[in-house]
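In: coords below, sequence missing:
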């Protein structure tokens, strides 16, 4: 599972993401479909259901039952000869932002892996699966995922009709082959007027699979009690350079150079781009004006967040991360992706500031 990089010959020089040319095998792409480091310790036992919202405890109980169903032995004897296969469970967690759906989904993946063995559960975001199909092809992806007992899709997205149809077809193929499914989707925390609970949209888009999915509604408020976008004051370029200098695992990039490099790397490889990276410093941060570039930034931020990699940001003329995407983008069809990226980038930037100035 090689990842090759072209870097400076000076061993003391700060490395750069733009110098990395990740070469990722299909085996690596599939091996990366596991709960991210951010949720490595998530388990059913560590989920704290809010007693003011009984649906949280009810969902927790149901997912524990689902894990037991998946881990139960397959039919044998006469039932097997008669071809009576169990219908694999398929659950969709429907709820607002920050109610713990991802914690529950990763807990389900961990529970199945612990009960059935390594490699029996696949976990990824909607984008990671669409990128996997793009890298491997549809049928090879179906064949590879059919070997799993459970496939988890976090943040199922409904804003791209083509990708939604692709994922609906993929899920149908997997369900027909006996693979259990679990999914979540996210909406903005203040999007009450535009369908905070998205179950109707989800069931409509997956069409033929709708009657197989059990909807688990997860009510509640954002447990982090945060705004849509976390504020993080920008740093001076010299502060960013000083913070990453001689720090193990730190990289330093000019924002424009990094954006140009991302255009040459398939998004399915953005995770490999971050192998060994513990801190990212970015100078020259400025607003992104093109949608295809902005969507690449979203994928990179998701991979940084999955891996808990802090970020140091220095903007041109005081540009902050909140100004990264235009008002038009934040009103458009991909706004949920952009707000998620801004929220996550703000949190990572705050962590970066703490590293840069521990006092």
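Out: Thanks, I have it. What you see is a predicted model; the values in this text were computed from it and never measured.
In: Where does residue 182 sit, in terms of helix or strand?
Out: In this assignment (DSSP states H and E), residue 182 forms part of strand 180-184.
In: So which elements touch that strand?
Out: helix 54-71, strand 90-95, helix 101-116, strand 150-154, helix 161-176 (3 or more Cβ pairs under 8 Å, 6 or more residues apart in numbering; DSSP states H and E). In this view, the C-beta of every residue, glycine as well, is placed from N, C-alpha and C.
In: Tell me which strands that strand pairs with, and in which orientation.
Out: Strand pairing for strand 180-184, determined by DSSP bridges: strand 90-95 (parallel), strand 150-154 (parallel).
In: want to throw those into a markdown table with distance to residue 42?
Out: Below are the strands paired with strand 180-184 laid out as a markdown table (distance: least, Cβ to Cβ, whole Å):
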| stretch | distance to residue 42 |
| --- | --- |
| strand 90-95 | 14 |
| strand 150-154 | 12 |
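In: quick one on the thing from earlier: what sits up against the strand holding residue 182?
Out: Outside of strand 180-184, the residues within contact range by Cβ atoms under 8 Å, 6 or more residues apart in numbering are 63, 66, 69-70, 88-95, 101-102, 105, 108-109, 112, 149-156, 171, 174-175, 202, 213.
In: Emit the PyMOL select command for whichever of the residues you listed are buried.
Out: Buried residues within these, by 16 or more other Cβ atoms under 10 Å, are selected in PyMOL with:
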select buried, resi 63+66+70+88+89+90+91+92+93+94+95+101+102+105+108+109+112+149+150+151+152+153+154+155+156+171+174+175+202+213
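In: I figured residue 341 hits residue 301, correct?
Out: Yes: taking Cβ atoms under 8 Å as the definition, residue 341 is a contact partner of residue 301 at 4.4 Å.
In: Now do the helices in the protein.
Out: Assigned by DSSP state H, the helices in the chain fall at 26-31, 54-71, 77-81, 101-116, 126-136, 138-145, 161-176, 199-206, 237-244, 255-262, 270-273, 291-306, 327-331, 335-356.
In: looking at those, which is buried most?
Out: Neighbour counts averaged per stretch over the helices of the chain are highest for helix 270-273, at a mean of 24; criterion: mean count of other Cβ atoms under 10 Å.
In: and it, how far out from the chain's middle?
Out: Counting by Cα atoms, centre = their mean, to the nearest Å, helix 270-273 is centred 13 Å from the centre of its parent chain.
In: any idea of the pLDDT on residue 347?
Out: The per-residue pLDDT reported for residue 347 equals 88.
In: where's the spatially closest residue to residue 315 that is not a sequence neighbour relative to residue 39, distance?
Out: Excluding its sequence neighbours, the residue lying closest to residue 315 (Cβ to Cβ, 6 or more residues apart in numbering) is residue 285, at 4.2 Å. As judged by Cβ to Cβ, to the nearest Å, residue 285 and residue 39 stand 28 Å apart.
In: Same check on residue 236?
Out: According to Cβ to Cβ, residue 236 stands 34 Å off from residue 39.
In: Please report how far residue 88 lies from residue 148.
Out: Distance of residue 88 to residue 148, computed by Cβ to Cβ: 11 Å.
In: where in the stretch 151-300 of the chain is pLDDT low?
Out: 186-198, 205, 222-232 (pLDDT under 70).
In: quick one on the thing from earlier: let's have the helices and strands packed on strand 180-184 in TSV, adding distance to residue 22.
Out: Formatted as TSV, the helices and strands packed on strand 180-184 follow (distance: least, Cβ to Cβ, whole Å):
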stretch	distance to residue 22
helix 54-71	33
strand 90-95	32
helix 101-116	24
strand 150-154	22
helix 161-176	23
